[in-house]
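J.: the following block contains a protein sequence and its predicted model.
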Amino acid sequence: MGKSILVIEDETFLRELYISLLEEEEGYTVSSAENGLEGLVLAVNNSYDLIWSDIMLPIIDGLSALEHINKLGIILSKFVFVNNLGQDEVIKKAFNLGADAYWINSAHTPDQLKTFATELINDTSAIDRSQINELTNLPSNKTYKELRPKILKFTSLKELEMIEAKLKIQI
């Protein structure tokens, strides 16, 4: 089975560019979300080798999405924040939350993005959190149905139901 990437990006042009570069040109299986809540729901319901997330997102920003993923006990392989800003405080917070990398779009070309994503996704020296989960029996094996009440603590039922309907998630 090929490597999979979740792209969380609210700007349509960038989301489609990432999908084109990573799926069509590099051959990864790419899922996408247009807001942080949708990305969180996809992360709970699927396993990804890499999550490529914008920081400034609607409903739940990228930093909050990673924070909630951590609180829910969802184990990711790798998490990269993408932004056009290189703000030191934001970068520091991203790494404190467990981000593996911080990518500044405006400083790189699309070819550099493909190379970076491939190197990161294939980096075996990095900690594979999914293996840690299997060894320590952390709670990431919980089902979406079990985690849904926790998600509802930081979003409205209406917003969550709209995301679930869009993603065709059965409860």
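T.: Looks like it came in fine.

J.: measure Asn105 to Glu146 for me?
T.: Separation of Asn105 from Glu146 (Cβ to Cβ, to the nearest Å) stands at 36 Å. The way it works is simple: take the backbone N, C-alpha and C, and place the C-beta from them, glycine included.

J.: which of those two has more residues huddled nearby?
T.: Neighbour comparison, Asn105 and Glu146: the larger count goes to Asn105, with 16 against 12 (by other Cβ atoms under 10 Å).

J.: so that one makes contact with Phe81?
T.: No. Asn105 lies out of contact with Phe81 (Cβ atoms under 8 Å); the separation is 10.8 Å.

J.: find the centremost residue of the chain, please.
T.: For the chain, the residue nearest the mean C-alpha position is Ile51 (3.3 Å; Cα atoms, centre = their mean).

J.: the strands in this structure, which residues?
T.: Under the criterion DSSP state E, the chain contains strands at 4-8, 29-33, 50-54, 79-83, 101-104.

J.: now the ones you listed in JSON lines, please, with extra columns for distance to Asn70 and mean pLDDT.
T.: Listed next are the strands of the chain as JSON lines, based on distance: least, Cβ to Cβ, whole Å; pLDDT from 0 to 100:
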{"stretch": "strand 4-8", "distance to Asn70": "15", "mean pLDDT": "95"}
{"stretch": "strand 29-33", "distance to Asn70": "18", "mean pLDDT": "96"}
{"stretch": "strand 50-54", "distance to Asn70": "12", "mean pLDDT": "93"}
{"stretch": "strand 79-83", "distance to Asn70": "10", "mean pLDDT": "89"}
{"stretch": "strand 101-104", "distance to Asn70": "17", "mean pLDDT": "86"}
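
J.: do you know which of these lies nearest Ser156?
T.: The minimum distance between Ser156 and the strands of the chain falls on strand 29-33, with 17.5 Å, by Cβ to Cβ.

J.: buried set for the closest one?
T.: Within strand 29-33, the residues that count as buried by 16 or more other Cβ atoms under 10 Å are Val30, Ser31, Ser32, Ala33.

J.: the bottom helix or strand of the chain by mean pLDDT?
T.: The helix or strand of the chain with the lowest confidence, counting by mean pLDDT, DSSP states H and E, is helix 129-136 at a mean of 39.

J.: my guess is Ala94 contacts Asp54. True?
T.: No. Counting by Cβ under 8 Å, Ala94 sits too far from Asp54 to count as a contact (11.5 Å).

J.: fine by me, thanks again.
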